[in-house]
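Asker: when you get a sec, could you give me coordinates for this:
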Amino acid sequence: MIDGVFAKTKSIVHGDGPITLVGGGQATPQDLHKALTLAPRCVAADSGAALALAAGVTPEAVIGDFDSLSPEARRAIPSDRLHLITEQDSTDFEKALTRIAAPVVIAVGFTGGRMDHQLAALHTLMVCADRPCVLLGAEELVFLAPPRISLPTERSEVISMFPLAFVTAQSTGLHWPLDGLDFAPGVQSGTSNHATGPMTVKVSAPALLMMVPRRLLGPVVASLSAPDAARWPGQAG
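Answerer: Numbering: from 1, shown residues only. This next block holds a predicted model:
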């Protein structure tokens with residue numbers, strides 16, 4: 001059972017393994033297929049259905065307010081897979097993510113394009129902190145740091161952190177350790193750090209974005225979805 005603000009949101013898609021969520025941002029069919037190798041079930045957020053269909057994939061569910069779902073996509077997808085969510089207090093990304101019950105979601109097509117859409121996607125990662133999600137970008141991965149994560153980073157790989165609220169952290173394997181720093185927007189960020197080898201990061205609150213090389217998609221997904229992975233609780237309603 002998922003506690004907190006989304007406890008009363010009925011899940012539409014359930015899975016014991018990772019699930020791919022595709023949106024209408026900048027992404028390629030190759031990006032989608034890369035995600036599907038690790039998370040073979042595909043869900044679309046509104047206009048993300050077009051990218052899925054272009055990649056030869058029919059999503060098992062399309063979730064959103066359908067303000068950008070094309071008539072062609074609507075005709076190509078069975079009507080029982082179309083899930084209209086009419087409320088306008090959340091983005092299509094948030095509508096979809098809160099209705100997927102899975103250990104982790106790989107989100108494709110939520111980076112690039114309009115800056116307001118990208119900022120909204122980062123906001124959703126924090127709002128939905130109890131729903132581990134990895135944004136697959138053209139060059140890097142972005143995800144909300146869990147309470148603790150270890151990754152097989154290699155020497156000199158760029159590792160960036162950006163706070164969305166006040167947060168502290170501890171680290172090993174980074175050239176500039178995070179210990180003793182008070183991260184907060186407008187106060188302290190942690191961009192353009194780099195690894196000295198495998199790294200471990202511990203975080204005090206669900207408020208720190210991590211940006212790591214795209215090659216780490218497999219290890220990140222494995223770490224976030226492990227049965228013993230530390231997870232953030234749902235927000236209080």
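Asker: helices or strands up against the top strand by length along the chain?
Answerer: The longest strand of the chain (DSSP state E) is strand 190-203. Using 3 or more CB pairs under 8 Å, 6 or more residues apart in numbering; DSSP states H and E as the contact test, the elements touching strand 190-203 are strand 148-151, strand 158-163, strand 169-174. Placement of C-beta: from N, CA and C, glycine included.
Asker: list the buried residues of the shortest one.
Answerer: Using 16 or more other CB atoms under 10 Å as the test for burial, strand 148-151 gives 149, 151.
Asker: over to the last one?
Answerer: Within strand 169-174, the residues that qualify as buried by neighbour count (16+ other CB under 10 Å) are 169, 171, 173-174.
Asker: what about the longest helix in the chain?
Answerer: Of all segments of type helix in the chain, defined using DSSP state H, the longest is helix 115-127.
Asker: run through who's touching that one.
Answerer: Contact with helix 115-127 is made by 23, 25, 91, 93-94, 97, 107, 110-112, 133, 135, 142-144, 164-165, 206-207, 209, 235, as judged by CB atoms under 8 Å, 6 or more residues apart in numbering.
Asker: mean confidence score for stretch 224-237?
Answerer: Rounded to a whole number, the mean pLDDT of stretch 224-237 is 84.
Asker: now do the buried residues in that stretch.
Answerer: Going through stretch 224-237 with 16+ other CB under 10 Å, the ones that come out buried are 224-225, 229, 232, 234-235.
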